[in-house]
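K.L.:
here is my input, please return the structure:
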Amino acid sequence: MMKIVDARNRKALERVFARDRSADRAFTRRVASIVDRVRAEGDRALVRFARRFDDVRPPIEVSQREMLAEAERVPMAVRRAVQQAARNIAKVAARQVPKSFVVTVAPGVSVEQRVEPLARVGCYVPGGRFPLPSSLLMTAIPARVAGVADVIAVCPRPEPVVMAAALEAGVTRLFHVGGAHAVAAMAYGTDTIPRVDKIVGPGNRYVAEAKALVSADCAIDFYAGPTEIALLSNYIGEWSGSSQLVGGTEPEPFSCRLTINKGNKSKINYAGRCTLTSMNLSVTGTIAFDDATQTYQAIMGSNAGYKGTAVGRVKGDEITFDLSEKETDRAGNAVRLGAQIVLIGSNSINVNYQVEFNDSGNVLTASVPFTK
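P.N.:
Sure thing, here's the model as predicted:
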């Protein structure tokens, strides 16, 4: 459901566009610190940040042999699609290349426009929820078509299909690194990553801020915002689902309602209520994308005293959170509660519940598919 704001309502507009300036300044300082360290310390800082944020150990560069081996794992149908996309992008890019010309404006007087390709371009390829070979193709191929001799790419999680795209696009070198530290490395150069003339490609909030910070020293395409918040926002709305709690003497009807709304910054808030014959279970919590660790994180609490946190596992178009906790209910029973939340393709949610009382070994389960 979309909320419509009347443009004549000044207070409503102020609330929509209100920004926490102090938070913005603190965030800029945090990103600037990363950029400055990489600029001053080179590979030493780059490797340190790669370990911390990307969980990557040297060597950071992906070898040609590894790219070829990983590309072979990509299904043939997908590889053909990548090849077709590459041909289409190259065809359009060729028409976009500006042309050199000479115009004679008077006898003996001419004006020339000379178009020369950049020597080296750096492509940033996001590696968050989904692999994005399209981002690599749409940045590297136009550079190649324009005549750029050296096209490098950085990606925090280069999946096999991204490596296949890199080979198809003619990327010179690929580096297993992302975030603000990768942007700084391309802008200023390190022993491992060479300095580029221009940085192109989308990224998260850290990448966008880093590109803005280095733009005085290295050309960038434009200031691109993050997509993770938009992805989570797809789940905002009213959801309902029903199933059966099984594992007891007989199946028990299990119905749930779930409300998701936008929280502050990169969070969504959820509140749910599940109804059984014997009890009602209420849950509340948040799901957020954490820029610093590049992970989705969930928090849940319940009216039974349950509290849990989990980091999401990303696989394909699914994000899975496994929450589990053991508490004592108001009657003094030891209760182990588990909830596996699966966000699927921005239009489906599935929650798998588990309940066990007093370490009995008798686990009650319910798998509830939710729809809007």
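K.L.:
contacting residues for the closest residue to residue 247 other than its chain neighbours?
P.N.:
Of all residues not flanking residue 247 in the chain, residue 364 sits nearest, at 4.2 Å (Cβ to Cβ, 6 or more residues apart in numbering). In short, each C-beta sits where N, CA and C put it, glycine included. Residue 364 sits next to 245-248, 354-356 when contact means Cβ atoms under 8 Å, 6 or more residues apart in numbering.
K.L.:
distance of residue 364 from residue 87?
P.N.:
With distances defined as Cβ to Cβ, to the nearest Å, the gap from residue 364 to residue 87 amounts to 55 Å.
K.L.:
cool, and residue 180?
P.N.:
Here the distance between residue 180 and residue 87 works out to 34 Å (Cβ to Cβ).
K.L.:
just residue 131 next, same as before
P.N.:
Applying Cβ to Cβ to residue 131 and residue 87 gives a distance of 20 Å.
K.L.:
and those two? Which one has more around it.
P.N.:
In terms of neighbours (other Cβ atoms under 10 Å), residue 131 is the more surrounded of residue 131 and residue 87; the figures are 21 against 11.
K.L.:
give me the three-state assignment for the more buried one.
P.N.:
Assigned with DSSP: H, G, I helix; E, B strand; the rest coil, residue 131 falls in the coil class.
K.L.:
verify the stated contact: it with residue 163.
P.N.:
No: the pair formed by residue 131 and residue 163 falls short of the contact definition of Cβ atoms under 8 Å, at 9.6 Å.
K.L.:
just the buried ones from the contacts of residue 364, in ChimeraX syntax?
P.N.:
One line in ChimeraX is enough to select the buried ones among the contacts of residue 364; burial here means 16 or more other Cβ atoms under 10 Å:
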select :245,355,356
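K.L.:
ok, the contacts of residue 364 vs residue 118, which is closest?
P.N.:
Of all the contacts of residue 364, the one with the least separation from residue 118 (Cβ to Cβ) is residue 354, at 56.3 Å.
K.L.:
the closest one belongs to a strand?
P.N.:
Yes: if the criterion is three-state DSSP, then residue 354 is within a strand.
K.L.:
what's the closest non-adjacent residue to it?
P.N.:
residue 338 (3.7 Å).
K.L.:
over to that neighbour: give its phi and psi.
P.N.:
Torsion angles at residue 338 (phi, psi; degrees, to the nearest 10) stand at phi -130, psi 140.
K.L.:
and if you look at residue 215?
P.N.:
The main-chain torsion angles of residue 215 are listed as degrees, to the nearest 10 and equal phi -60, psi -20.
K.L.:
next up, the contacts around it.
P.N.:
For residue 215, the set of contacting residues under the criterion of Cβ under 8 Å, 6+ apart is empty.
K.L.:
quick one: it from residue 199, how far?
P.N.:
Residue 215 sits 9 Å away from residue 199, taking Cβ to Cβ as the criterion.
K.L.:
and the end-to-end length of stretch 120-136?
P.N.:
Across its full length, stretch 120-136 reaches 15 Å end to end, with Cα to Cα, to the nearest Å as the criterion.
K.L.:
quick check: buried residues in that stretch?
P.N.:
So, applying 16+ other Cβ under 10 Å, buried residues of stretch 120-136: 120-129, 131-136.
K.L.:
repeat that for stretch 30-44.
P.N.:
Applying a neighbour-count criterion of 16+ other Cβ under 10 Å, the buried positions in stretch 30-44 are 31, 34-35, 37-39, 42-43.
K.L.:
same check, this time on stretch 76-90
P.N.:
By neighbour count with 16+ other Cβ under 10 Å, stretch 76-90 contains the buried residues 79, 82, 85-86, 89-90.
K.L.:
now stretch 338-354
P.N.:
By 16+ other Cβ under 10 Å, the buried positions in stretch 338-354 come out as 338-343, 348-353.
K.L.:
among these, which two are most distant?
P.N.:
Across those, no pair lies farther apart than 338 and 348, at 20.4 Å, counting by Cβ to Cβ.
K.L.:
quick one on the thing from earlier: which residues touch the residue nearest to residue 354?
P.N.:
With contacts taken as Cβ under 8 Å, 6+ apart, residue 338 has the following neighbours: 322-325, 352-355.
K.L.:
mind checking which of the buried residues of stretch 120-136 land in strands?
P.N.:
Those of those mapping onto strands are 120-124, per DSSP state E.
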